[in-house]
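*Asks:* Build the 3D model from these lines:
(chains A and B)
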Protein chains: 2
Amino acid sequence: MADSVDTGRPAPRTSTHSLVVEAIENRILSGELGVGDMLPPERQLAEQLGVSRAAAREAIRVLESHGVLESHVGSGARAGTFITSMPTAALSRFLKLHVSLNNFDLDEVVQTRLILEVESAAMAARRQDPEILQRMGEELAAMDDTDLDREDFGDADTRFHVALARGGGNRLFADMTQAIRESLRAPLLDGYRAHEDWSGLRETLQHQHRELLAAVAAGDAERASQLAAEHIHTSYQVLPADSGGSRRQGNRTAAGGV
Amino acid sequence: MADSVDTGRPAPRTSTHSLVVEAIENRILSGELGVGDMLPPERQLAEQLGVSRAAAREAIRVLESHGVLESHVGSGARAGTFITSMPTAALSRFLKLHVSLNNFDLDEVVQTRLILEVESAAMAARRQDPEILQRMGEELAAMDDTDLDREDFGDADTRFHVALARGGGNRLFADMTQAIRESLRAPLLDGYRAHEDWSGLRETLQHQHRELLAAVAAGDAERASQLAAEHIHTSYQVLPADSGGSRRQGNRTAAGGV
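*Replies:* Residues are numbered from 1 along each chain as shown, chains lettered A, B, ... in the order given. Alright, predicted model coming up:
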């Protein structure tokens, strides 16, 4: 296994718990196991696969971390380990970690957000979902409260944009948008804090939010896309240049003009 | 914890191994731990955090599965558990599982591929990286071998498109493209197998590949984008309508015209 240091490739998954993970993954990939199905108890799972209980438990932990298993303690019909469906939280943790490890530069992540959200804005304008428009309006109103600190403003801002992404109807876009926002939470907040004119920046952002919501509500897909792009550019101009941390070694290029 | 069934929210992470995962994640997020750094041995880690060795090991398994830790067995300087950088494999497994669990429809995933790759094609044309062009040419030549079966053709096809995505210079685009291709491997292969005129389809795909490579090599960003979009539309028309499996309940809508 030491060779994997040189090749940069993942080490072969040969440890016992990996075999259990693979066995369960294969049953999911084949459709044999689906959301809501229960796994056998740990002891029985271990016996079935001829592995130790520790290996079975390690495998369950891994699949929990990928958002595909959820364990409920206690007794009764709801106790046990179930196939579940929590991709957003798992994807957010994944992206946050890999941005921190400099596997992705901030610019790469922001550029991904840009193309996803520009498309989402157009799609949301075509769909004009009343629930989404209401949700966006509520977050907009919350952000108008000038007593809100930067952190709460940022969180309401995230909810506004995740609602917009959901309004486009593509759940992978929406989950990616949420994961990207969460992975950029700390650097964005640093940027807000370092900005010399917070109330001016905030007014600009809110003006853009209002225009964007109006374009979506009016069903103007082209304008919604254009406003989303302008807004994301404004928003990320506040990012400190070294916000990737001192470990960051990648080139901070203006990738694709972002 | 049983309440989390009702809310659909992730269960609070209160088990012992989760505390270890969080402690390590926080040290990564703060920049205290970076790629190449070694974790203390399992026993010492457990002592430091006041948890059992089993909990420490479970936490390490979880972080391995996210592609942020890699363990090397044996003795010597290269043995131990290191902070590593393998986002692609972890992201592919994540997407494959969640596509299988119907958390994302095929259409949502294909639409994500479409917008990423249309942008990548334009970016690759602007960069005209000679190594990338050579790699794409090699895969193209490999796919010209008519003895290649559908599976090997599909894998060379994936490498061609991942090279194109890397040529755009955004590693998150490239990793997402690879993850999406891998998560769609089985349904695409089913589609190739079910197609009544495989050699005709294959010729069409290769014609499109050649034109796409020529546009990238010529630095024609607009044409490269347009060709990428047409090619992805052609490619996914072969997907069987029920390729999400019998468990699939989502609407198979023509999301965004894909």
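
*Asks:* Going along the chain, name the strands of chain A.
*Replies:* A:69-72, A:80-83 (DSSP state E).

*Asks:* export those strands to TSV and tack on distance to chain B?
*Replies:* C-beta: built from backbone N, CA, C; applies to glycine. Converted to TSV, these look like this (distance: least, Cβ to the nearest Cβ, whole Å):
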stretch	distance to chain B
strand A:69-72	5
strand A:80-83	7
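
*Asks:* Export those strands as JSON lines, with columns for distance to B:Ala217 and mean neighbour count.
*Replies:* Formatted as JSON lines, the strands of chain A follow (distance: least, Cβ to Cβ, whole Å; neighbours: other Cβ atoms under 10 Å in any protein chain shown):
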{"stretch": "strand A:69-72", "distance to B:Ala217": "46", "mean neighbour count": "20"}
{"stretch": "strand A:80-83", "distance to B:Ala217": "46", "mean neighbour count": "20"}
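
*Asks:* Make a markdown table out of the ones you listed and add mean pLDDT.
*Replies:* Shown next, in a markdown table, are the strands of chain A (pLDDT from 0 to 100):
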| stretch | mean pLDDT |
| --- | --- |
| strand A:69-72 | 89 |
| strand A:80-83 | 91 |
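
*Asks:* now those as CSV including distance to A:Thr177?
*Replies:* Formatted as CSV, these follow (distance: least, Cβ to Cβ, whole Å):
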stretch, distance to A:Thr177
strand A:69-72, 24
strand A:80-83, 25
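
*Asks:* wait, isn't A:Gly31 in contact with B:Asn102?
*Replies:* No. Counting by Cβ atoms under 8 Å, B:Asn102 is not a contact partner of A:Gly31; they are 9.4 Å apart.

*Asks:* Does stretch A:152-169 reach chain B?
*Replies:* Yes. Using Cβ under 8 Å from any Cβ of the partner chain, stretch A:152-169 reaches chain B at A:Gly169.

*Asks:* Off-centre distance for that stretch?
*Replies:* 12 Å (Cα atoms, centre = their mean, to the nearest Å).

*Asks:* if we can go back for a sec, higher neighbour count, A:Gly31 and B:Asn102?
*Replies:* B:Asn102 (18 against 15; other Cβ atoms under 10 Å in any protein chain shown).

*Asks:* so what's the more buried one scoring on pLDDT?
*Replies:* You'll see B:Asn102 listed with a pLDDT of 77.

*Asks:* Same check on A:Asp3?
*Replies:* For A:Asp3, the model assigns a pLDDT of 37.

*Asks:* and the angle for the longest helix along chain A with helix B:106-127?
*Replies:* For chain A, the longest helix by residue count, based on DSSP state H, is helix A:106-127. Angle, helix A:106-127 to helix B:106-127, by axes from the mean of the first three to the mean of the last three Cα atoms, to 10 degrees: 130 degrees.

*Asks:* buried set for helix A:106-127?
*Replies:* A:106-126 (16 or more other Cβ atoms under 10 Å in any protein chain shown).

*Asks:* Of those residues, which are in range of chain B?
*Replies:* Restricting the buried residues of helix A:106-127 to contacts with chain B (Cβ under 8 Å from any Cβ) yields A:108-109, A:111-112, A:115-116, A:119, A:123.

*Asks:* I'd like to know which of the strands of chain A is closest to A:Phe160.
*Replies:* For A:Phe160, the closest of those is strand A:69-72, at 28.7 Å, according to Cβ to Cβ.

*Asks:* So which elements touch that closest one?
*Replies:* With contacts taken as 3 or more Cβ pairs under 8 Å, 6 or more residues apart in numbering or on different chains; DSSP states H and E, strand A:69-72 sits against helix A:53-65, strand A:80-83, helix B:4-7.

*Asks:* how about A:Gln128, what does it touch?
*Replies:* A:216-217, A:219 (Cβ atoms under 8 Å, 6 or more residues apart in numbering or on different chains).

*Asks:* Any chance of a PyMOL selection covering the buried ones in these?
*Replies:* In PyMOL, this line selects whichever of the contacts of A:Gln128 come out buried by 16+ other Cβ under 10 Å:
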select buried, chain A and resi 216+217
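
*Asks:* Adding pLDDT, write the contacts of A:Gln128 out as TSV.
*Replies:* Shown next, in TSV, are the contacts of A:Gln128 (pLDDT from 0 to 100):
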residue	pLDDT
A:Val216	98
A:Ala217	98
A:Gly219	98
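
*Asks:* which of the contacts of A:Gln128 come close to chain B?
*Replies:* Counting by Cβ under 8 Å from any Cβ, no member of those is near chain B.

*Asks:* Kindly indicate which of the contacts of A:Gln128 lies nearest A:Ala141.
*Replies:* Using Cβ to Cβ, these come closest to A:Ala141 at A:Ala217, 14.4 Å.

*Asks:* I figured the closest one was touching A:Ile132, is that so?
*Replies:* No. Between A:Ala217 and A:Ile132 there is no contact under Cβ under 8 Å: 9.7 Å.

*Asks:* Would you mark the buried spots in stretch A:226-241?
*Replies:* Those would be A:226-229, A:231-232, A:235-236, A:238-239, for stretch A:226-241 by 16+ other Cβ under 10 Å.

*Asks:* contacting residues for A:Arg202?
*Replies:* Counting by Cβ under 8 Å, 6+ apart, the residues that A:Arg202 touches are A:143, A:153.

*Asks:* Can you give me the pLDDT of it?
*Replies:* Reading off the model, A:Arg202 has pLDDT 94.

*Asks:* Roughly how far does it sit from A:Arg159?
*Replies:* 16 Å (Cβ to Cβ, to the nearest Å).

*Asks:* same thing with A:Pro130?
*Replies:* 17 Å.

*Asks:* Check A:Leu148 too.
*Replies:* Going from A:Leu148 to A:Arg159 by Cβ to Cβ gives 13 Å.

*Asks:* Of the two, which one has the most company?
*Replies:* A:Arg159 (18 against 15).

*Asks:* My read is that the more buried one contacts A:Glu139, right?
*Replies:* Yes. With contacts counted by Cβ under 8 Å, A:Arg159 reaches A:Glu139, the gap being 5.0 Å.

*Asks:* Low-confidence regions, the stretch 151-258 of chain A specifically.
*Replies:* Within the stretch 151-258 of chain A, the stretches with pLDDT under 70 are A:240-258.

*Asks:* can you give me the helices in chain A?
*Replies:* So, for chain A - with DSSP H - the helices run A:4-7, A:16-29, A:42-49, A:53-65, A:87-100, A:106-127, A:130-144, A:150-167, A:171-183, A:185-194, A:198-217, A:221-236.
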